[in-house]
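K.L.:
Fold the following, please.
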Amino acid sequence: MAIIRIKNLLLRTYIGFKAEEINKQQDVIINMTIDADLSQAIKNDTVDGSYDYKIITKSVIALVQEQKFKMLETLTQSVLDEIMKSKKVRFARVEVDKPHALRFAASVSVELEASRNERE
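P.N.:
Here you go, the predicted structure:
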C-alpha cells in the first residue's frame with residue numbers, strides 16, 4: 001500500500017450558478033489522497049508499475065480549467081472520477097475548497113471518496 005497526497009493544488013475555474021459567478025473564474029484548492037498498489041515499483045526501485053502523480057495532476061488541471069461547474073460537488077466528483085480511471089488506484093479521497101464562498105468563512109469545501117470495490 002502506498003498513499004500519495006497531492007496538497008493544495010491551486011487552480012482557477014468557472015464555478016457557481018449565480019449570475020456574478022457564471023462568467024468569472026474563481027480559485028479552488030484541491031487536495032487528493034490516492035492509495036495505489038505500487039508494491040512492484042517499490043520492490044524493484046523502478047518506475048515500471050508505479051503511479052505517475054505528475055500525469056494525474058496534469059489531467060486534473062486540464063479537467064478543472066477546461067470545464068465549467070455549477071456545483072462544488074460536481075467538480076469534486078469529476079476530479080475523483082478522473083483519479084479512479086487508473087486500475088492501480090484502490091482508494092481515493094478528494095477535497096475541493098472554494099475560498100471566500102461565504103462572507104465570514106475562509107472557505108467552503110466538499111470531500112468525496114471512492115474505493116475500487118465500489119466501482120467494480
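
K.L.:
A92 and I34 touch, don't they?
P.N.:
Yes - with contact defined as Cβ atoms under 8 Å, A92 and I34 form a contacting pair (5.0 Å). Every C-beta, even on glycine, is put in place using the N, C-alpha and C of the backbone.

K.L.:
shared neighbours of those two, anything?
P.N.:
I83 (Cβ atoms under 8 Å, 6 or more residues apart in numbering).

K.L.:
tell me the secondary structure for the residue most central in space within the chain?
P.N.:
With distances taken as Cα atoms, centre = their mean, V79 lies nearest the centre of the chain, 4.1 Å away. At V79 the chain is in helix, as set by DSSP: H, G, I helix; E, B strand; the rest coil.

K.L.:
hang on, it packs against V96?
P.N.:
Yes - if you go by Cβ under 8 Å, V79 and V96 touch, sitting 6.7 Å apart.

K.L.:
Show me what the biggest strand by length in the chain is packed up against.
P.N.:
Looking across the chain with DSSP state E, the single longest strand is strand 2-15. Contacts defined by 3 or more Cβ pairs under 8 Å, 6 or more residues apart in numbering; DSSP states H and E place strand 2-15 against helix 19-22, strand 25-36, helix 53-66, strand 68-69, helix 72-84.

K.L.:
who's the residue nearest to S109 when sequence neighbours are not counted bridged to?
P.N.:
Counting by Cβ to Cβ, 6 or more residues apart in numbering, S109 lies nearest to D97, which is 4.3 Å off, once chain neighbours are set aside. Bridge pairing for D97 (DSSP bridges) gives the partners I29, S109.

K.L.:
quick one, what contacts D97?
P.N.:
With Cβ under 8 Å, 6+ apart, D97 has these contacts: V28, I29, I30, N31, S107, V108, S109.
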